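1. Okay, sequence plus prediction incoming.
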Amino acid sequence: MFYPSFKMMDYIVDAHFRKDVSGRLVFIPFTPKGKCYFVDSKSDEEKIRAYVKMFRSAVQFISFLMYPSVFLPGLILDDYAGIGPRDHRLAIALGIPLFFALILGALVWILWNLYKGGMPALTASLSEVAPEAKGQLHEVSQPQRRRLALLFAVAAAFLMLLALFAFVIFLDRFRR
């Protein structure tokens, strides 16, 4: 079965790979200005892709959880916490979502440290790209990046509209 999120994750993982002038595959673990590594064997490439995909999938899943875990408790508490002054209800409606956001943010930070910590062991057998060759790296596939950018732009516009809608509902209920 085909899921669009799997295809999107493949595009995100592809962003970590580039080719040099001679056509050799280069892995970029963090940024192109940092260390980059030549990937010469297919088994190393598959291992690296699996590692990056695991990290990126977990971070993406946590970020998808962030939106409902921040807004839903606030809306539920605003509706059903009718006792007490309005100031306390607002503090509760904002405090609990911020607590969830801090927990999920801490999870992302832990994942980032695990990714960073596992990178030296993953790239120990790979040869490093010379600094002067980094400027000559080019994308593996350019049309995929354009499609991905368009997909992200549409998704961001949809999420902004959804957030605006939730904010308007929140303000309407807060004024009552």
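-> Received it, and whenever you're ready, just let me know what you need.
2. Which residue, other than its chain neighbours, is closest to Q60?
-> Spatial nearest neighbour of Q60, excluding adjacent residues (Cβ to Cβ, 6 or more residues apart in numbering): M9 at 7.0 Å. For glycine as for every other residue, the C-beta is placed from the backbone atoms N, C-alpha and C.
3. For that neighbour, what is the enclosing helix or strand?
-> When elements are assigned from DSSP states H and E, M9 belongs to helix 4-14.
4. got the CA coordinates for that helix in PDB?
-> Output of helix 4-14 as PDB, limited to C-alpha atoms (Å, rounded to 0.1, in the frame of the first residue of the first chain):
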ATOM      1  CA  PRO A   4       2.000   9.800   0.800                       C
ATOM      2  CA  SER A   5       3.900  10.300   4.000                       C
ATOM      3  CA  PHE A   6       6.300   7.500   3.100                       C
ATOM      4  CA  LYS A   7       7.000   9.100  -0.200                       C
ATOM      5  CA  MET A   8       7.500  12.500   1.500                       C
ATOM      6  CA  MET A   9       9.900  10.900   3.900                       C
ATOM      7  CA  ASP A  10      11.900   9.500   1.000                       C
ATOM      8  CA  TYR A  11      12.200  13.000  -0.400                       C
ATOM      9  CA  ILE A  12      13.400  14.300   2.900                       C
ATOM     10  CA  VAL A  13      16.000  11.500   3.200                       C
ATOM     11  CA  ASP A  14      17.100  12.200  -0.400                       C
END
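5. Run through the neighbouring helices and strands of it.
-> Where contact means 3 or more Cβ pairs under 8 Å, 6 or more residues apart in numbering; DSSP states H and E, helix 4-14 is packed against helix 42-80, helix 142-175.
6. Tell me the helix or strand right after it.
-> Criterion used, DSSP H and E; the element after helix 4-14 is strand 17-19.
7. Mind checking the pLDDT average for that next one?
-> In this model, strand 17-19 has a mean pLDDT of 83.
8. give me the number of residues near Y37?
-> 21 (other Cβ atoms under 10 Å).
9. Got the phi and psi for it?
-> phi -130, psi 140 (degrees, to the nearest 10).
10. which residues does it bridge with?
-> F27, E128 (DSSP bridges).
11. Now do the spatially most central residue of the chain against R24, distance only.
-> The chain has Q60 as the residue nearest its centroid, 4.4 Å off, counting by Cα atoms, centre = their mean. Using Cβ to Cβ, to the nearest Å, one gets 29 Å for the distance from Q60 to R24.
12. Tell me which of the helices and strands packed on helix 4-14 sits most buried.
-> Most buried of these, by mean neighbour count (mean count of other Cβ atoms under 10 Å): helix 42-80, with a mean of 15.
13. And M119, what's its pLDDT?
-> pLDDT at M119 comes out at 88.
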